[in-house]
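Asker: Starting from these lines, generate the structure:
(one chain, ligands or ions: 2)
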Amino acid sequence: MPGLTTAAAPFPDDVPTHPLVVIDYELLAQGDRHEVDALWKAGTELGFWYLKNHGVEWEVDQMFDMGAETLDLPLDELMKFEQGDNGNSFGYKARGTIQTDANGTRDNVEFLNIAQDDVLSWPHPTHRTYPSTVNAHMEDTIIPFVRKSMQVNNTILTIFERQLGLPQGALAQLHSTEEPCGSEARCIKTPPRQSSTGVGEHTDFGTLTFLHNRLGGLQVMPPGTQKWLYVKPLPGHAICNVGDALALFSGGILRSSLHRVMPPPGAQSQFERYSIAFFTRPRDSVVLRALWEGSEMIARTVLQAPEGKYDTGSTSAEWIARRIKKLRLKNRQGPETWYASLGTEHDGISRRRCVRGAV
Ligand SMILES: O=C(O)CCC(=O)C(=O)O
Ligand SMILES: [Fe+2]
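Answerer: Ligands and ions are numbered 1, 2, ... in the order given. Down below sits the predicted model:
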């Protein structure tokens, strides 16, 4: 199976890892108080947690197979679907097209992004078309995976909405399916035996990420530290995290933490690495800013923050397009292009200084 953690190469026990809290999705969906509290603690402290009993295990396995089949297609076939340099996310992203740091170091991963809107409108494309293997597995794999992943993320979103003291439906309606949005499913492939960064440090652009790893390589930097720690993949457990849109909507109460993908540790580095993700992102026209009018908790936090820190002045579509565009090496004009890709221009505090501990 692609990206499977083989018995021959278990995750090593001598690398620094960050133990994430395990949240039980079934208990969350039943409204279990203890589980809701544990989710809230994870969302407001690290912004990352494991999710078990999510019910998407079979569809995730199918997605690993579909992803491998697709990314094994001849490059000239995949290139017909390349996302390009204009900030479009959907389609194929070829290896070596984006920067992984301020020096402009070339990435070594390729990935395929399938828009939620194209899945929901199948067989009629909303945004674009995809390689033949995607079309062939749309009904048996991709539609079930996307529908179930939407359900999981919407359940979590509804809990955060309540915990933040927002009116019922306030967050949900920013993600309703009446208008196009940036939500997408992703399959990432990293070649074996790499020594450099796969995906450079970043925070996710959107609202919530539902991620599935078999091999290690994902690392997170806990807020307030300068340390990169591996997140160990656990069979059947998804890794979930808060993205920038939700951090902004909540006035920073929910945290979107820096993470990156490095070569798998130890003996795992001999293997090709695949990962599968589903990103829930707001409707295209939603402006990314704190929802202080709807919640006293958010209003109090925003009042204490420097003015404009949680008001980007950008719609979700503009925010995503700008950051992707700045990542593409073709658009690089120097280190500033990399910093602009991090998405913190609006708050006057550059992530560069945050990362290096000056702030
Ligand atoms: O492959 C992974 O484990 C994480 C990928 C990631 O962070 C992303 O695609 O945003
Ligand atoms: Fe990410």
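
Asker: Give me the below-cutoff pLDDT ranges for the stretch 1-150 of the chain.
Answerer: Within the stretch 1-150 of the chain, the ranges that satisfy pLDDT under 70 run 1-8.

Asker: residue ranges of the strands in this structure, please?
Answerer: Listed in chain order, the strands of the chain (DSSP state E) span 22-24, 48-52, 91-93, 110-115, 184-190, 199-202, 208-213, 218-221, 229-230, 238-242, 258-261, 273-280, 287-289, 311-315.

Asker: Identify the residues contacting the last one?
Answerer: The contact list for strand 311-315, computed with C-beta atoms under 8 Å, 6 or more residues apart in numbering, reads 248, 284-290, 319, 322, 346. Where C-beta positions appear, they are placed from N, C-alpha and C, glycine not excepted.

Asker: what number of residues lie near the residue of the chain found nearest ligand 1?
Answerer: The nearest approach of the chain to ligand 1 comes at Ser275, 3.4 Å away (C-beta to the nearest ligand atom). Using other C-beta atoms under 10 Å, Ser275 has 26 neighbouring residues.

Asker: got it, and Val119?
Answerer: Neighbours around Val119, by other C-beta under 10 Å: 22.

Asker: One more: the one 3 residues further on?
Answerer: Other residues within reach of Trp122 by the criterion other C-beta under 10 Å amount to 16.

Asker: what bridges to Thr280?
Answerer: Counting by DSSP bridges, Thr280 is bridged to Leu208.

Asker: For it, give me its contacts.
Answerer: Thr280 sits next to 149-150, 153-154, 157, 175, 183, 206-210 when contact means C-beta under 8 Å, 6+ apart.

Asker: angle of the lengthiest helix in the chain against strand 208-213?
Answerer: The residue-count maximum for a helix in the chain (DSSP state H) belongs to helix 143-163. Orientation of helix 143-163 against strand 208-213 (axes from the mean of the first three to the mean of the last three C-alpha atoms, to 10 degrees) gives an angle of 130 degrees.

Asker: mind starting the numbering at 49 from now?
Answerer: OK, 49 is where the count begins now, so the last one is helix 191-211.

Asker: Give the buried residues for helix 191-211.
Answerer: 192-194, 196-198, 200-201, 204-209, 211 (16 or more other C-beta atoms under 10 Å).

Asker: And for stretch 313-328?
Answerer: Judged by neighbour count using 16+ other C-beta under 10 Å, the buried positions of stretch 313-328 are 313, 316-317, 319-328.
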